[in-house]
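Colleague: dropping the sequence and predicted coords here.
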Amino acid sequence: MKAHKKIALLPIGSKVVRSTMLAAGAALCLAGLLMVVFQFLALRSTLLRDLQVQARIVGNNSTAALLFSDARAAEEILGGLSASPSVQSANISLGSMPLAQFRRNGAPVPELPQSAGGESLHYYGMDYIEVQEPVRIDKKIVGSVSIRATLLPLYRRAFAFAGFTAIATLGSFALAWLLVRRMRAAVAQAEQNLHLLAHVDPVTCLPNRNAFNDKLAYTLKRADRQETAVSLLLLDLDNFKVVNDTLGHDTGDKLLRLVAERLTQTLRSTDIICRIGGDEFVVIVEPADDEVEPDQVARKILRALADPFMVETHQLFVSASIGVSVYPKDAGDSAAVIRCADIAMYHAKNKGKNAYEVFHEDMAAKASKRLALEANLRKALQNNELSLHYQPQIDVRSGRMRGMEVLARWNCAALGGPVSPAEFIPVAEESGVIVPLGRWVLQTAIRQAAAWRKMGLLEDIEHVAVNLSACQTKDVQLMYEVQALLMETGLPPRLLELEITEGVLMENVNANIALLHKIQAAGIHLSIDDFGTGYSSMAYLKRFPIDQLKIDRSFVNSVPGDGAAIAKAIIAMAHSLNLSVVAEGVETEEQVAFLSDAGCDVMQGFYFARPMPAEQLEALLREGKLWAA
Ligand SMILES: Nc1nc2c(ncn2[C@@H]2O[C@H](COP(=O)(O)O[C@H]3[C@@H](O)[C@H](n4cnc5c(=O)[nH]c(N)nc54)O[C@@H]3COP(=O)(O)O)[C@@H](O)[C@H]2O)c(=O)[nH]1
């Protein structure tokens, strides 16, 4: 997988983190400095208190020496201060006259002037401190004791403390830095994961829809600057849903990965491949020669997907419908160029899948026609523009009408006349209009059948068949509504047949099996329409509680030629499962002969009768018409 190997780390917050670390470092240094100053001041005031205590002790001990002006005794007392290493010098004064002195290694003597009021004095020099305490006898000041001490040991301790604080600060800073780095790495990883989630499809590792939008916008801008063209190929995998529903999502995901790999191997490294939805991929090709290149790329993709994919033990075949549009030829911005590719893809799907279509103007016209169709279809019910036609189904052996298929018809005033169901039913399905439309068809058909039954016209008729669309099979109200209608009209459930196409059944096998069981439990007849086109297997058929298979018209069309073997196989298989077989779209005598020989039970087609309004069918019922088969 190519486009996402390198996803740059986002610089979110890196500046913030750097400034925060700097601010934290500065705050730590300032705090360290303040602690050192505080420590120094605390030590200095402790020293001051110690010296003052010592001076008072010396003063108390010196009263006798002062009384008798005994300098020797005073010196002896001062000598006791030599035990204090910080004391440099001291003196005892009698009045203002020095009586005795102590000096360590020629240190200067205390210089504090004699206090006039006899109060304690002290003075801080740069590297020393001096204190002076008065000496009293009977509250009368007779002299004073002055001590000078060095501050150097204090400085040393303060420096030691500063060193320790600096190491602690640096250590804390380094630890914080390490933690922040680790946190940054974790944040960067989280950012990277977020980026991946936001821009990369986790199943295929291809850029996702978000990334595609960014890349397309960027590519179109570059194409504008360089005056080149860009092709957009929108790929929708045909029948991928069947794989997902029948083999499970894990297998579906593996298949998607293999498809992504194959696309990556097939296309040029400059082509941008993205997965933008369940089974939707998109390829941006630039620069494109807007006449030739998109076709070639589309053909290349279809060829590459033609080989089977091995997923676990399953050999899976995947085809794609590809819509191609070219910027700026078809559209002038990202949204429009995507819309054009989408319209082209829709045409490719309608072409019968495993095909590509390059967008052209007519398609846009068709797309707007489709929009008009949809808008009018929404009003068709209120405007009473819908009606039902009925097509007889003939029992091959007796030549009698055995059933009939109900087919919707739409005569649209705004669009100037009848619109074919082949055109409006798919639009109704895609737009959801099929739900109210299908409900109306069921109501009208059941009421009509009940009326005919009351007239005694359905004696020989086994079933009146109504088509169910994909949307209707998902409508949880469906069964309640059908049963309520049967109750209301009194039509026996066995007279109603519901036709579900094989393709719709296989779209969501498990949910549909549950629905089929409900239909069967209600006593309603069940038929699989368009059989042979929907990839079901014998194994599935056994699980479906059904009564009948309708061989798809495409096979009937080609009997006794290419479709012969398939038609025969379907008839044999259906009979082996005790199912009756209807051949639809029977148009020729030859087809009738072939299908009769093959054992087909019932036939329906223009050879016997076209779909007709209720009055005409009623006439046939009254007549009890027999067909020569
Ligand atoms: N969910 C619903 N689907 C409906 C409803 N009404 C119709 N349809 C589906 O629309 C498709 C087209 O229907 P229509 O144009 O009515 O075609 C039917 C027949 O007219 C046609 N047919 C019958 N015999 C022949 C024949 O000999 N030759 C020939 N070329 N065409 C023939 O086949 C259509 C019936 O097909 P099927 O249903 O598969 O039996 C069609 O898919 C309808 O099912 C609706 O109310 N709901």
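Modeller: Looks like it arrived, so ask away.
Colleague: host element of the one residue in the stretch 251-400 of the chain that gets nearest to the ligand?
Modeller: At 5.6 Å from the ligand, residue 391 is the closest residue in the stretch 251-400 of the chain, using Cβ to the nearest ligand atom. The C-beta positions use only the backbone N, C-alpha and C, and glycine is treated the same way. Assessed by DSSP states H and E, residue 391 sits inside strand 386-395.
Colleague: partners of the helix or strand that that strand is followed by, with directions?
Modeller: Taking DSSP H and E as the definition, the helix or strand that follows strand 386-395 towards the C-terminus is strand 401-412. Here strand 401-412 is paired, per DSSP bridges, with strand 386-395 (antiparallel), strand 417-419 (antiparallel), strand 463-468 (parallel).
Colleague: quick one: mean pLDDT for the longest one?
Modeller: Averaging pLDDT along strand 386-395 yields 97.
Colleague: list the buried residues of it.
Modeller: Within strand 386-395, the residues that qualify as buried are 386, 388, 389, 390, 391, 392, 393, 394, 395, counting by 16 or more other Cβ atoms under 10 Å.
Colleague: which other residues reach it?
Modeller: Applying Cβ atoms under 8 Å, 6 or more residues apart in numbering, the contact partners of strand 386-395 are 380, 400-411, 437, 440-441, 444-445, 448, 464-465, 582, 601-604, 608-614, 617, 620, 627, 629.
Colleague: isn't residue 114 right up against residue 94?
Modeller: No - using Cβ atoms under 8 Å, residue 114 is not in contact with residue 94, being 10.7 Å away.
Colleague: those two: which has the busier surroundings?
Modeller: Using other Cβ atoms under 10 Å, the more surrounded residue of residue 114 and residue 94 is residue 94, with 19 against 16.
Colleague: got any ranges where the protein has weak pLDDT?
Modeller: Where the chain drops to pLDDT under 70, the residues are 1-14, 288-292, 534-537, 629.
Colleague: residues from it in reach of the ligand?
Modeller: Taking Cβ under 6 Å from any ligand atom, the part of the chain that reaches the ligand is made up of 391, 405, 407-408, 420-422, 425, 438, 441, 467, 469, 529-530, 550, 584-587, 604-606, 611.
Colleague: now, which of those lie within strands?
Modeller: Counting by DSSP state E, the residues of the chain next to the ligand place 391, 405, 407, 408, 467, 529, 530, 550, 584, 604 in strands.
Colleague: ranking the residues you listed by neighbours, who comes first?
Modeller: Highest neighbour count within those: residue 550, with 28 neighbours (other Cβ under 10 Å).
Colleague: hmm, that one is touching residue 582, no?
Modeller: Yes - between residue 550 and residue 582 there is a contact under Cβ under 8 Å: 4.5 Å.
Colleague: what's the overlap in contacts for those two?
Modeller: What both residue 550 and residue 582 touch, as defined by Cβ under 8 Å, 6+ apart, is the set 527, 604.
Colleague: that older thread, just put the buried residues of strand 386-395 in a markdown table and tack on distance to residue 505.
Modeller: Shown next, in a markdown table, are these (distance: Cβ to Cβ, whole Å):
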| residue | distance to residue 505 |
| --- | --- |
| 386 | 26 |
| 388 | 24 |
| 389 | 25 |
| 390 | 24 |
| 391 | 22 |
| 392 | 25 |
| 393 | 20 |
| 394 | 26 |
| 395 | 26 |
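Colleague: need the max-distance pair from the residues you listed.
Modeller: Across the buried residues of strand 386-395, no pair lies farther apart than 386 and 395, at 29.8 Å, counting by Cβ to Cβ.
Colleague: please, which helix or strand holds the closest residue to residue 94 other than its chain neighbours?
Modeller: In space, and not counting its chain neighbours, residue 94 is closest to residue 143: 4.7 Å by Cβ to Cβ, 6 or more residues apart in numbering. Secondary structure assignment for residue 143, by DSSP H and E: strand 140-150.
Colleague: farthest-apart pair in the ones in strands among the residues of the chain next to the ligand, please.
Modeller: Largest separation among those by Cβ to Cβ: 408 and 550, giving 17.3 Å.
Colleague: quick revisit: sheet partners, orientation included, of the strand holding residue 143?
Modeller: Next to strand 140-150 in the sheet, as set by DSSP bridges, lie strand 87-94 (antiparallel), strand 128-137 (antiparallel).
Colleague: okay, the first one in CSV with CA atoms only?
Modeller: Spelled out, it's strand 87-94. This file holds the C-alpha atoms of strand 87-94, laid out as CSV (Å, rounded to 0.1, in the frame of the first residue of the first chain):
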residue,chain,number,x,y,z
VAL,A,87,35.0,34.5,65.6
GLN,A,88,38.0,36.5,64.2
SER,A,89,38.4,39.1,67.0
ALA,A,90,36.7,40.5,70.0
ASN,A,91,37.3,43.1,72.7
ILE,A,92,36.1,44.2,76.1
SER,A,93,35.8,47.9,76.7
LEU,A,94,35.6,49.7,80.0
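Colleague: begin at 824 from here
Modeller: I'll keep to 824 as the first residue from here, and by that count the last item is strand 910-917.
Colleague: contacts for that strand?
Modeller: With contacts defined as Cβ under 8 Å, 6+ apart, strand 910-917 is touched by 874, 877-878, 881-882, 885, 888-889, 892, 897, 900-901, 904, 921-927, 930-933, 937, 951, 958, 965-973.
Colleague: pull out the buried residues from the residues you listed.
Modeller: Burial by neighbour count, judged by 16+ other Cβ under 10 Å, picks out 874, 877-878, 881-882, 885, 888-889, 897, 900-901, 904, 921-925, 927, 930, 933, 937, 951, 958, 965-973 from the contacts of strand 910-917.
Colleague: how about the residue in this protein that sits furthest from its center?
Modeller: Within the chain, residue 891 marks the point farthest from the mean C-alpha position, 103.2 Å out by Cα atoms, centre = their mean.
Colleague: how far away is it from residue 856?
Modeller: 53 Å (Cβ to Cβ, to the nearest Å).
Colleague: before we move on, what about residue 1375?
Modeller: Look at residue 1375 and residue 856: by Cβ to Cβ, they are 92 Å apart.
Colleague: more neighbours, these two?
Modeller: More crowded of residue 1375 and residue 856, by other Cβ under 10 Å: residue 1375, with 23 against 14.
Colleague: now do the same contact list for that one.
Modeller: Per Cβ under 8 Å, 6+ apart, neighbours of residue 1375: 1353, 1354, 1355, 1356, 1407.
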